[in-house]
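J.: Sharing a model that was predicted from the sequence below.
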Amino acid sequence: MKKFLENKWTIVSIVAGGLGGYLYWSEIGCLTGTCPLQSHWQIMVPYGMLMGYILPDFLQKITRLWH
């Protein structure tokens, strides 16, 4: 059961990262179209998902060092 809960939060963080990538593209983005990452939502959503996967794991490792 504990393993399932860990996977659930990983999936939630990946989805939140993808949503964050889409919102970043739609609200900030690149107006000229010359920015390789920010000008296409097809690039920003997977990039946000990757950040959503990496960041919680990184933060969890840091908190383990403090305890």
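T.: Yes, it's here.

J.: For the chain, which residues score under the pLDDT cut-off?
T.: Applying pLDDT under 70 to the chain flags residues 1-6, 67.

J.: can you give me the helices in it?
T.: For the chain, the helices defined by DSSP state H occupy 2-27, 41-66.

J.: Now tabulate those in TSV and tack on distance to residue 33 and mean neighbour count.
T.: For the C-beta atoms, the positions are set from N, CA and C on the backbone; glycine is no exception. Shown next, in TSV, are the helices of the chain (distance: least, C-beta to C-beta, whole Å; neighbours: other C-beta atoms under 10 Å):
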stretch	distance to residue 33	mean neighbour count
helix 2-27	12	14
helix 41-66	12	14
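
J.: okay, those in TSV with distance to residue 35 next?
T.: Listed next are the helices of the chain as TSV, based on distance: least, C-beta to C-beta, whole Å:
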stretch	distance to residue 35
helix 2-27	10
helix 41-66	10
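
J.: So which of these is nearest residue 34?
T.: Checking the helices of the chain against residue 34 by C-beta to C-beta gives helix 41-66 as the closest, at 13.5 Å.

J.: Just list what the closest one packs against, helices and strands only.
T.: Here helix 41-66 touches helix 2-27, going by 3 or more C-beta pairs under 8 Å, 6 or more residues apart in numbering; DSSP states H and E.

J.: Just give me how far the helix it packs on sits from the chain centre.
T.: On the basis of C-alpha atoms, centre = their mean, to the nearest Å, helix 2-27 sits 6 Å off its chain's mean C-alpha point.

J.: now do stretch 14-28
T.: With C-alpha atoms, centre = their mean, you get 8 Å for stretch 14-28.

J.: Can I get it as CSV, trimmed to CA atoms?
T.: Taking C-alpha atoms only, stretch 14-28 is exported to CSV below (Å, rounded to 0.1, in the frame of the first residue of the first chain):
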residue,chain,number,x,y,z
ILE,A,14,4.1,14.6,-13.3
VAL,A,15,0.6,15.7,-14.3
ALA,A,16,1.0,19.0,-12.3
GLY,A,17,4.4,19.6,-14.1
GLY,A,18,2.7,19.0,-17.5
LEU,A,19,0.0,21.5,-16.6
GLY,A,20,2.6,23.9,-15.4
GLY,A,21,4.5,23.6,-18.6
TYR,A,22,1.3,24.2,-20.6
LEU,A,23,0.4,27.3,-18.5
TYR,A,24,3.9,28.6,-18.8
TRP,A,25,3.7,28.3,-22.6
SER,A,26,0.3,29.9,-22.8
GLU,A,27,0.8,32.7,-20.3
ILE,A,28,4.5,33.6,-20.7
